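**Student:** Here you go, sequence then predicted model.
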Amino acid sequence: MIRILRQIFTTGIVTEDVLGQEEAHIKVVGDRLEEAVKKRFRGSLAIRQVDAGSCNGCELEIHALNNSIYNCERYGIHFTASPRFADMLLVTGPVTRNMEIALRRTYDATPAPKLVVAVGDCGCNSGIFGETYASLGGIDKVIPVDAYISGCPPTPVALLNGILRAIEGK
């Protein structure tokens, strides 16, 4: 035990700067996103995240949006458990046959005007899973999609950019 403590104290802090160059990029995207949310949603965007059959890689990056580095709450973005209160659906994974009906019901329960964002390569074009007996393909095979965020998985900054693209209609 003493040997381990001695090693800890002699080694010191060896972690790298978490933000580095990314901090400036987060600030630029965040400021644009905050303005877009204020303009279109009066300051508060409610997102319902739907897993349509993913490997959970994209979900880990979506959860990172809420950590202290990215802190999406400061831009007016909130996650909601109910599609009835959502302005946007953030859908991950290829649509499995078991999730088709649930995804359609979630889409139908979301009030208009609603935005749909397909997240990750699997959500965009079914990725490595393809169209099989168990998978229908990308999100756009089941519901209309407003924006696509590619990547396997996409970074939190790419997610913020994709949300911004969906809001701005680009």
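**Tutor:** On my side now, so go ahead. Residues are numbered from 1 along each chain as shown.

**Student:** What values do phi and psi take at the closest residue to Asn125 other than its chain neighbours?
**Tutor:** The spatial neighbour of Asn125 that comes closest, neighbours along the chain excluded (C-beta to C-beta, 6 or more residues apart in numbering), is Gly138 at 4.9 Å. (Each C-beta comes from the backbone N, C-alpha and C, glycine too.) As for Gly138, its main-chain torsions (degrees, to the nearest 10) stand at phi -70, psi 170.

**Student:** Quick one: residues contacting the closest residue to Ala109 other than its chain neighbours.
**Tutor:** Nearest non-adjacent residue to Ala109, counting by C-beta to C-beta, 6+ apart: Pro83, 4.2 Å away. Applying C-beta atoms under 8 Å, 6 or more residues apart in numbering, we find Pro83 in contact with 48, 89, 106-107, 109-110.

**Student:** ok, of those residues, which one's closest to Ile163?
**Tutor:** Distance to Ile163, by C-beta to C-beta, is smallest for Leu89 among the contacts of Pro83, at 11.4 Å.

**Student:** Hmm, the closest one is touching Tyr107, no?
**Tutor:** Yes - at 6.6 Å, Leu89 and Tyr107 qualify as touching, with contact defined as C-beta atoms under 8 Å.

**Student:** Mind listing the shared neighbours of those two?
**Tutor:** Listed as contacting both Leu89 and Tyr107 by C-beta under 8 Å, 6+ apart are 83, 114, 116, 143.

**Student:** Would you write out the PyMOL command that picks the buried residues out of these?
**Tutor:** Here the buried members of the shared contacts of Leu89 and Tyr107 are turned into a PyMOL selection, burial being counted by 16 or more other C-beta atoms under 10 Å:
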select buried, resi 83+114+116+143
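
**Student:** Please identify the helix or strand for the residue nearest to the spatial centre of the chain.
**Tutor:** The centroid of the chain falls nearest to Ile62 when counting by C-alpha atoms, centre = their mean (4.0 Å). Assessed by DSSP states H and E, Ile62 sits inside helix 57-64.

**Student:** counting contacts, what elements does the helix or strand following that helix pack onto?
**Tutor:** Counting by DSSP H and E, the next helix or strand C-terminal to helix 57-64 is strand 77-79. Counting contacts by 3 or more C-beta pairs under 8 Å, 6 or more residues apart in numbering; DSSP states H and E, strand 77-79 is packed against strand 45-51.
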